[in-house]
Each structure stands twice: as C-alpha cells, then as structure tokens.
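Colleague: have a look at this prediction, sequence included:
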Amino acid sequence: SQQGEEDPQALSIQEGENATMNCSYKTSINNLQWYRQNSGRGLVHLILIRSNEREKHSGRLRVTLDTSKKSSSLLITASRAADTASYFCATTPQGAQKLVFGQGTRLTINP
Amino acid sequence: DTAVSQTPKYLVTQMGNDKSIKCEQNLGHDTMYWYKQDSKKFLKIMFSYNNKELIINETVPNRFSPKSPDKAHLNLHINSLELGDSAVYFCASSQGSGQGNIQYFGAGTRLSVL
C-alpha cells in the first residue's frame, strides 16, 4: 500500500507567494525526503530530514517533521515561476532499504 | 556529463514485442534502481541492485528482467509487452543501499505499448 500521501494534489499560486505542501505516512520511519520533478524530467532530491529532527531549512525551503502525527510539510517561500513542478515526499520505513514515494503535489506558480 | 543516463528516452512498440532500456551512472555509486511511474504520477520501485547483486525485487511480473553487468550499469529487459506496461520508467542510483541514501534519477524512458 502507498506509504506517503501528499496534500493537496494540486496547488496554484501567484509568484511571490508561499507554497505549503503536506505529506502523511503510515509506518515508523528513519527519515523522510522531498524530491522535485519538473515536467518530463527525473526526480531531483531537495532535502532530507531525519526522524529525530523537527525542522530543516535549505535556501527558500523549510521542511518540518512531526513523527507523532506521521506527517511532514514542505514550505517554499517567495515562490518563482521556476518552482513549477511536482513535489514528492519519500519515506524509508524502518527496516526497509527502499524509498516509498507519495503521489506528489503538482505546484503551479503563476507569473 | 549526465550523472544517470538512460536510453532510449522514448520507446513506442507493439504488444507482444520484447524491448530493453539501458541505464548507466558515472557517480561511482554502489546501488541502482528501476522505478515505474504510472499515468497518475505514482512512482513505485521495481528492482534494486547493490554491487551487481539483486537486493530488492518487488512484485513485478517475471516478464521484467533486470541485469547488472557491473555496478555502473543496470538494464531492464521486458518480454511480451502488454498495454499496461505503458508508463515512464526511471533509473536511479545512490551511494549505498542503506536508509537515508539520496537517490539520483535519470530523465526517464517513456514507454508506449500500442
């Protein structure tokens, strides 16, 4: 069964606004990653947060992790047209050697 | 240089044919993967190899056979193609097979079975 589920499935905002995407998962994890996929391209790693971390920043990205609620959020501040892409969370369930991806949030930044 | 490259980028073929997709990584990674992304963008792992050894083999029809001649290459051969095999197939690699490894993806191979 699917481990991660992103919410919303699609998000459309104006350039300059902040975009927030959420991810929920089902089993205990060791870490959670976020990836971006531009149309017609492969996935690109954005950020990894470990289960003992609550928040992590990378440039305009801010990721939070709440292991008690089994959820994570990705915040993109001051969005740009180039941020238009699909964003996926991926978890590594404890004891597993694989990444399990959600279905992604399709983000559209309108100029 | 492209870190993870897969060929071909597009593959259009008839039902029942056999086809192969090739993948190569120049990152010096030990682990490589094949994923299938369906029309709803759901990405699911199919296989993983670590140093040429198969370590993940998800519930995939045995018409799909991966082959890793060395740790820089992981090819995917598909026999007797079916309509449901139409999808985008991604190759990826990571430094190791343990948890917390960041994966690097190729650009994908869009397979269309007619």
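Modeller: Yes, it's here.
Colleague: from A:A90, how far out is whichever residue of chain B sits closest to chain A?
Modeller: Proximity to chain A, evaluated over chain B using C-beta to the nearest C-beta, is greatest for B:F105 at 3.4 Å. Just so you know, the C-beta spots here come from the backbone N, C-alpha and C atoms, and that holds for glycine as well. In this view, B:F105 and A:A90 are 11 Å apart by C-beta to C-beta, to the nearest Å.
Colleague: now swap in B:L83 and tell me
Modeller: As defined by C-beta to C-beta, B:L83 lies at a distance of 28 Å from A:A90.
Colleague: repeat for A:I13
Modeller: 23 Å.
Colleague: same check on A:T108?
Modeller: 22 Å.
Colleague: could you do A:T64 as well?
Modeller: According to C-beta to C-beta, A:T64 and A:A90 sit 16 Å apart.
Colleague: ok, now A:N52?
Modeller: A:N52 is 18 Å from A:A90, by C-beta to C-beta.
Colleague: then A:S12?
Modeller: For A:S12, the distance to A:A90 - C-beta to C-beta - is 24 Å.
Colleague: neighbour count for those two, which is higher?
Modeller: Higher neighbour count among A:S12 and A:A90: A:A90, with 24 against 12, using other C-beta atoms under 10 Å in any protein chain shown.
Colleague: surely that one and A:A96 touch.
Modeller: No: in this structure, A:A90 is not within contact of A:A96 by C-beta atoms under 8 Å, at 11.6 Å.
Colleague: quick one: contacts for residue 81?
Modeller: Since you didn't name a chain, this refers to chain A. A:A81 is in contact with A:E15, A:I109, A:P111, counting by C-beta atoms under 8 Å, 6 or more residues apart in numbering or on different chains.
Colleague: to clarify, I was referring to chain B.
Modeller: B:T13, B:Q14, B:M15, B:G16, B:N17, B:D18, B:K19, B:R63, B:L111, B:V113.
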